[in-house]
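Asker: I would like to see how this sequence folds:
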Amino acid sequence: HVQLVESGGGSVQAGGSLTLSCKVSGDDFGRLSMAWFRQAPGKEREGVATIDRDGSTKYADFVKGRFTISQDNVASILYLEMNSLKPEDSGMYHCAARLQAGWRWRPSDYPYWGQGTQVTVS
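Answerer: All right, here's what the predicted structure looks like:
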């Protein structure tokens, strides 16, 4: 059973930076493809960035050039480095995992989720 625990959220001013972390336990980290999603109040959950088992990545257009997804295979941690933050980046950020390879953008494709970490940009 895969368990995910996010951390690193907070409040920042527009233009600032934050790095989110997602500690993974319960399965071989190398078997997982993972993603970061976010959800603002009253809006649907949306994919931000995804990383496949081989480390290849894809980004939503609205974060390209500003966010970077990466992983530490030794420590079993997924990261999301966020720069040039905008107020519209505010929301609850969740990491998600699946045991199959490949990039996926639908929340329903991911059976494992963390509880989320709040990001507020003002």
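Asker: switch to C-alpha atoms for all contacts and neighbour counts from now on
Answerer: Noted.
Asker: So the residue nearest the centre of the chain versus E44, what's the distance?
Answerer: Closest residue to the average C-alpha location of the chain: W36 at 2.1 Å, with C-alpha atoms, centre = their mean. With the distance defined as C-alpha to C-alpha, to the nearest Å, W36 ends up 14 Å from E44.
Asker: do R38 as well
Answerer: To E44, R38 is 9 Å away according to C-alpha to C-alpha.
Asker: Between the two, tell me which one has more neighbours.
Answerer: R38 (22 against 10; other C-alpha atoms under 10 Å).
Asker: so that one bridges to which residues?
Answerer: Beta-bridge partners for R38, by DSSP bridges, are E46, Y93.
Asker: Need the per-residue pLDDT for it.
Answerer: We note a pLDDT of 98 for R38 in this prediction.
Asker: Hmm, it is touching M92, no?
Answerer: Yes - between R38 and M92 there is a contact under C-alpha atoms under 8 Å: 5.4 Å.
Asker: was I right about I69 contacting A60?
Answerer: No - proximity of I69 to A60 does not meet the contact threshold set by C-alpha under 8 Å, at 11.3 Å.
Asker: Overlap in contacts, the two.
Answerer: A49 (C-alpha atoms under 8 Å, 6 or more residues apart in numbering).
Asker: Of those two, which one has the most company?
Answerer: I69 (24 against 13).
Asker: Identify the bridge partners of the more buried one.
Answerer: L80.
Asker: Next up, the contacts around it.
Answerer: Residues in contact with I69 (C-alpha under 8 Å, 6+ apart) are 49-51, 57, 78-81.
Asker: How about A97?
Answerer: 2, 32-35, 110-113.
Asker: rewinding a little: surely the residue nearest to the centre of the chain touches A96?
Answerer: Yes - between W36 and A96 there is a contact at 6.3 Å, judged by C-alpha under 8 Å.
Asker: roughly how far apart are S17 and L85?
Answerer: On the measure of C-alpha to C-alpha, S17 and L85 end up 6 Å apart.
Asker: And these two? Which one has more around it.
Answerer: Neighbours per residue, other C-alpha under 10 Å: of S17 and L85, the larger number sits with L85, 22 against 17.
Asker: That'll do, ta.
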